[in-house]
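Undergrad: how does the following fold in three dimensions:
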Amino acid sequence: MSDVAVAESGSGKRHGVLGRVKKARVGVRVDMTPMVDIAFLLLIFFMVTTVFRRPLAMEVNMPEPDARVEVPESNVMTIFVDKDESLFVRQGTQPLQPMAWGDLRATFEAGNAANPDLIILVKIHREARYEPMVDMMDTLEDAKMQRFSLIEMKEADVAAVEAAR
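TA: Residues are numbered from 1 along each chain as shown. Prediction:
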């Protein structure tokens with residue numbers, strides 16, 4: 001593992017300043033191979049035994065193309081996201097009412113507490129940015145809403161939102 005190299009000279013004694021005897025230096029050589037082997041073994045061990053964080057993803061269940069489900073209108077809360085990211089809400093057959101993004105989670109939780117069979121229908125304007133849809137899905141997940149649908153707004157919905165302003 002390690003070697004000690006001894007210098008071989010004639011007498012082995014050297015005279016330095018003031019007549020002192022100066023000892024010859026001994027060279028030491030340490031073999032680093034075992035330490036490198038251990039380092040690589042530890043590195044491989046930690047790479048193999050580490051559990052990496054799995055990416056978080058939301059499971060999306062898509063219905064069949066021709067599937068139709070009849071739902072009572074009182075069990076549906078419709079959220080409209082306009083192209084300027086303003087929100088409007090309608091519970092059942094009530095008229096459209098403006099709503100702030102900060103009140104969204106509380107509205108979902110209150111609606112779910114009042115009606116456990118509540119279904120959220122989110123209608124997003126085609127020209128709206130992508131971020132409001134992601135924010136909406138995050139808010140639904142935070143409110144523990146499991147039953148919701150995302151669709152684009154039709155012309156009648158755009159007209160209804162404009163009339164509600």
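Undergrad: going forward, measure contacts between C-alpha atoms and count neighbours the same way
TA: Noted.
Undergrad: pLDDT score assigned to the residue most central in space within the chain?
TA: With distances taken as CA atoms, centre = their mean, the chain has Leu56 as the residue nearest its mean C-alpha position (5.7 Å). Predicted confidence (pLDDT) for Leu56: 70.
Undergrad: now name the helix or strand holding it.
TA: For Leu56, there is no helix or strand it lies in under DSSP states H and E.
Undergrad: tell me how far it lies from Val48.
TA: To Val48, Leu56 is 22 Å away according to CA to CA, to the nearest Å.
Undergrad: what do you get for Glu109?
TA: Glu109 is 43 Å from Val48, by CA to CA.
Undergrad: what does Thr107 give?
TA: 46 Å.
Undergrad: wait, is Phe46 part of a helix?
TA: Yes: judged by DSSP: H, G, I helix; E, B strand; the rest coil, Phe46 forms part of a helix.
Undergrad: follow-up on the earlier one: more crowded one of Thr107 and Val48?
TA: Comparing Thr107 with Val48 by other CA atoms under 10 Å, the one with more neighbours is Thr107, at 15 against 9.
Undergrad: can you tell me how far the more buried one is from Val158?
TA: Taken as CA to CA, the span from Thr107 to Val158 is 22 Å.
Undergrad: Lys83 too?
TA: 10 Å.
Undergrad: intersection of neighbour lists for these two?
TA: With contacts defined as CA atoms under 8 Å, 6 or more residues apart in numbering, the residues shared by Lys83 and Val158 are His125.
Undergrad: neighbour count: these two, which is higher?
TA: Val158 (18 against 15).
Undergrad: how near is Pro65 to His125?
TA: 22 Å.
Undergrad: sorry, slip of the keys, the one I care about is Phe80.
TA: 8 Å.
Undergrad: what are the buried residues along stretch 123-135?
TA: 123-125, 128, 132-133 (16 or more other CA atoms under 10 Å).
Undergrad: for Phe120, pull up the helix or strand it's in.
TA: Quick fix: residue 120 reads Ile, not Phe. strand 119-124.
Undergrad: after that strand, next one along is what?
TA: With DSSP H and E setting the assignment, the helix or strand that follows strand 119-124 is helix 130-142.
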